[in-house]
Each structure stands twice: as structure tokens, then as C-alpha cells.
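**Q** Predicted model and sequence below, questions to follow.
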Amino acid sequence: QLQLVESGGGSVQPGGSLRLSCAASGFTLDYYVIGWFRQVPGKERERVSCASRSGLTTYYADSVQGRFTTSRDNGKNTVYLQMNSLKPEDTAVYYCAASSGYYCSGYVSWSYWGQGTQVTVSS
């Protein structure tokens, strides 16, 4: 079965950190563009980061630039989203997604989506 499984969400105080994991089964993440998205009820889904297939280029939304970092562990077929200096406005359901394309620019067709994991930042 081809799927992405996320983990690592939870509740944290402002200024804290969380690391989300996205493990693939049935396919190899090395050959995919990886995106992280988040969504708050009633709002449009926001792309938080996007890493090109080569891994050489990663784009971040302005809202998370300098605080969030995407990385891959090809041996574990897993990608991560390290989130530091979390703010209440980072509260959302976070999703990972994989695209069989090469780049993050232009239209990206996302083939696989994770189930989502809740991140809550509150004091």
C-alpha cells in the first residue's frame, strides 16, 4: 500500500519546538518532491515548505522562514519538519505530501498525502 504516515504532532507552549515525521511506505521518497502543508478550519491550506527531488533546494513560506527546517533521512524513507520558536499562529493540522515531479516551482501535482497531525501552540 502506497501511503505517507505522519507523527510528532502535539501541544507545545509558545517558543517551544516540535519535530514532525512523515514516513513513506510502498514507494521511495528519494524520487519525490516533498511538501509540508498546514490548514486551519475555515482557511485555505498553506504550503509551509517544499523540497525539490534532488534535495538541493527547499522553499519556505515567509511565515515560517528561519524557524522551520525540512530534512530527509533516505535510509529511513522519512522526511522531517523541525519547527522551532513556535507561535500560536502556527496552530494547525500539518500534512506532508509527495509529488513525482522534480521541482517546487510552477504547478505541482501532489500524488500522496499524509493523514495529518495536529499541532497546537498555546500557553
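**A** Thanks, I have it. Note that the structure is a prediction, hence the values are computed from the model and not measured.
**Q** For the rest of this, base every contact and every neighbour count on C-alpha atoms.
**A** OK.
**Q** Can you list the buried residues in stretch 33-53?
**A** Going by neighbour count (16 or more other C-alpha atoms under 10 Å), the buried part of stretch 33-53 is 33-39, 47-53.
**Q** In which helix or strand does Cys50 reside?
**A** strand 46-51 (DSSP states H and E).
**Q** what does that strand rub up against?
**A** Under the criterion C-alpha atoms under 8 Å, 6 or more residues apart in numbering, residues 33-39, 57-61, 64, 70, 103-104 lie in contact with strand 46-51.
**Q** Closest to Ser7 out of those?
**A** Here the nearest of the contacts of strand 46-51 to Ser7, counting by C-alpha to C-alpha, is Trp36; it sits at 12.8 Å.
**Q** Tell me which residue lies nearest the centroid of the protein.
**A** Residue closest to the mean C-alpha point of the chain, counted by C-alpha atoms, centre = their mean, is Trp36 at 2.5 Å.
**Q** which stretch of helix or strand covers the spatially closest residue to that residue that is not a sequence neighbour?
**A** Nearest non-adjacent residue to Trp36, counting by C-alpha to C-alpha, 6 or more residues apart in numbering: Cys96, 4.5 Å away. Per DSSP H and E: Cys96 is located in strand 92-99.
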